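[1] Fold the following, please.
(one chain, ligands or ions: 2)
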Amino acid sequence: MVKSYGCQMNVYDATRMADLLGREGYAETASEDDADLVILNTCHIREKAAEKIYSELGKLAIAKRALNAQGRDMKIVVAGCVAQAEGEEVLKRQRAVDLVVGPQSYHRLPELLRQAASGARIADTDFAVEDKFRSLPAPSRPQIRARGVSAFVTVQEGCDKFCSFCVVPYTRGAEASRPVAEIVSEAQRLVDGGVCEITLIGQNVNAYRGLDEHGRESSLPDLLDRLARIPALTRLRYTTSHPVDMAQALIDAHGAIPKLMPYVHLPVQSGSDRILKAMNRKHGADAYLSIVERLRLARPDIALSSDFIVGFPGESDADFEATMALVRNVGFASSFSFKYSPRPGTPAADRDDQIDETVKSERLAALQALLEAQRQTFNAATVGRDVGVLFEKPGRHEGQIAGKSPYMQAVHVEGPMEAIGREARVKVIAAGSNSLAGRLLREEAKA
Ligand code: 5AD
Ligand code: SF4
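    Ligands and ions are numbered 1, 2, ... in the order given. Model (predicted):
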């Protein structure tokens with residue numbers, strides 16, 4: 001089994017690892033108790049995320065010892081960004097780990113597992129840029145079907161921005177874009193397998209600069225335009241974007257491409273110009289507000305989401321207030337917010353004006369209360385509207401089906417299982433704390 005932590009890139013990579021190993025004869029298990037092989041696809045972004053991996057590994061080590069006592073084995077693999085950042089350290093810190101494999105080496109997994117089968121303990125964290133989009137065999141149609149109607153496609157990897165708090169440029173390397181033709185053929189294959197929503201992913205997805213068949217550079221809006229021409233593909237999304245790369249052509253695409261969903265995840269991190277500068281974000285609060293204004297001009301119903309960090313070194317009460325003011329000004333549909341976590345090797349970790357943990361906690365609580373109120377306001381505003389819902393799975397209660405609105409809200413309705421895998425019009429009738437309740441509109445219910 002492959003257990004994924006952190007960002008969507010890891011979810012996508014985990015799928016590819018599972019598909020690849022499926023071809024080697026491995027079958028996925030629902031729990032680690034039945035597994036001969038457990039891959040932890042790890043995240044290194046904050047200290048808590050990395051520490052969680054070691055506590056998980058501790059539990060797996062106990063399970064492995066119990067299996068060994070019965071004459072069975074369980075191979076433990078650490079993949080992802082902890083693997084990349086810590087390499088052999090992981091093998092030293094947890095003796096039960098058999099293999100450590102960085103994101104650039106996943107295509108070598110079958111071979112590495114064969115070596116591990118004979119008892120070798122290996123760390124493969126080569127950092128060869130040429131390998132970034134190495135081709136793994138395409139997933140089979142049943143594999144695609146089993147994963148549902150919505151899929152991720154990686155179009156870009158890595159980051160050249162070097163925000164002063166962030167490990168990504170070190171764990172995922174320099175920005176690189178996948179060629180257009182490869183993306184289009186992967187999308188087509190997914191659509192042929194029943195997928196109708198594709199989310200293009202990249203650490204800096206809107207910095208996408210892939211080459212087309214004529215060797216010309218394509219931008220993200222060019223790519224979206226191209227993918228929108230696949231008839232059975234009905235929804236397109238992209239994440240995660242950086243404000244500096246939010247070109248007007250991409251903003252305009254939200255007005256011009258109906259399949260492009262009215263939802264943008266655009267992390268701002270802070271509303272204070274001083275802190276944004278210290279974070280090396282390369283833009284101020286006004287530039288962010290201007291992007292929001294232009295997005296709303298292009299697509300008035302657009303929903304915005306963001307990431308925030310509180311307690312960055314040197315953040316004063318006034319700086320934090322500026323973040324609160326920006327949030328009030330924008331009105332976010334959803335968001336993620338974190339306490340600053342010093343990461344070894346990043347410039348901000350060495351600063352001597354670190355913020356007290358209790359101050360961080362207070363600021364985070366205040367920010368999250370505001371963001372939560374905005375989320376509820378946004379959801380409440382959907383009540384009474386007719387929206388398209390892409391149904392993905394059975395709901396929690398008998399007779400219910402559940403899916404996503406264009407704005408990434410979870411929606412459930414009373415409806416037939418046959419509607420799963422399709423988009424239908426829904427009248428939203430109530431907003432709960434985590435999802436919306438709706439009613440299938442009649443003409444769609446019959447279809
Ligand atoms: N501390 C806290 N949050 C961080 N993020 C990235 N690095 C750190 C850190 N050192 C957050 C940012 C980013 C999101 C993926 O994680 O908000 O957008
Ligand atoms: Fe990290 Fe900044 Fe790159 Fe995002 S843009 S991955 S926060 S360095």
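
[2] Count the neighbours of His214 for me.
    A total of 7 residues lie near His214 under the criterion other CB atoms under 10 Å. Every C-beta, even on glycine, is put in place using the N, C-alpha and C of the backbone.

[3] How is this protein divided into domains?
    Residue ranges for each domain of the chain read 2-130, 134-381, 386-446, as given by automatic domain parsing.

[4] mind giving me TSV with those domains and columns for mean pLDDT and distance to ligand 2?
    Output for the domains of the chain, formatted as TSV (pLDDT from 0 to 100; distance: least, CB to the nearest ligand atom, whole Å):
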stretch	mean pLDDT	distance to ligand 2
domain 2-130	91	8
domain 134-381	96	3
domain 386-446	92	20
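
[5] In TSV, list these along with distance to ligand 1.
    Written out in TSV, the entries for those read as follows (distance: least, CB to the nearest ligand atom, whole Å):
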stretch	distance to ligand 1
domain 2-130	5
domain 134-381	3
domain 386-446	17
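
[6] SS state for Ser241?
    Of the three states, Ser241 takes coil under DSSP: H, G, I helix; E, B strand; the rest coil.

[7] Run a quick check on it versus Leu266, I expect a contact.
    Yes: counting by CB atoms under 8 Å, Leu266 is a contact partner of Ser241 at 5.2 Å.

[8] Name the residues that touch stretch 177-185?
    The contact list for stretch 177-185, computed with CB atoms under 8 Å, 6 or more residues apart in numbering, reads 133, 135, 153-156, 200, 202, 207-213, 218, 222-223, 226-227, 230.

[9] how about that stretch as CSV, C-alpha atoms only?
    This file holds the C-alpha atoms of stretch 177-185, laid out as CSV (Å, rounded to 0.1, in the frame of the first residue of the first chain):
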residue,chain,number,x,y,z
SER,A,177,7.7,21.9,-17.4
ARG,A,178,6.4,18.8,-19.2
PRO,A,179,5.9,19.0,-23.0
VAL,A,180,2.4,19.8,-24.2
ALA,A,181,2.0,16.6,-26.3
GLU,A,182,2.8,14.3,-23.2
ILE,A,183,0.2,16.2,-21.1
VAL,A,184,-2.5,16.1,-23.9
SER,A,185,-2.0,12.3,-24.4
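
[10] What are the buried residues along it?
    Of the residues in stretch 177-185, those scored as buried under the neighbour-count criterion (16 or more other CB atoms under 10 Å) are 177-180, 182-184.

[11] List the ones among these that fall in strands.
    Cross-referencing those with the strands (criterion: DSSP state E) gives Ser177 as the overlap.

[12] Mind checking which of the buried residues of stretch 177-185 are in helices?
    Residues from the buried residues of stretch 177-185 lying in helices, with DSSP state H as the criterion: 180, 182-184.

[13] Just put those in CSV and tack on distance to Asn10.
    Formatted as CSV, the entries for those read as follows, by distance: CB to CB, whole Å:
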residue, distance to Asn10
Val180, 24
Glu182, 20
Ile183, 19
Val184, 24
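
[14] just checking, Tyr5 touches Leu40?
    Yes: using CB under 8 Å, Tyr5 is in contact with Leu40, at 7.2 Å.

[15] Determine the residues that are contacts of both of the two.
    With contacts taken as CB under 8 Å, 6+ apart, Tyr5 and Leu40 have 53, 80 as neighbours in common.

[16] More neighbours: those two, which one.
    A side-by-side neighbour count of Tyr5 and Leu40, using other CB under 10 Å, places Leu40 first with 26 against 21.
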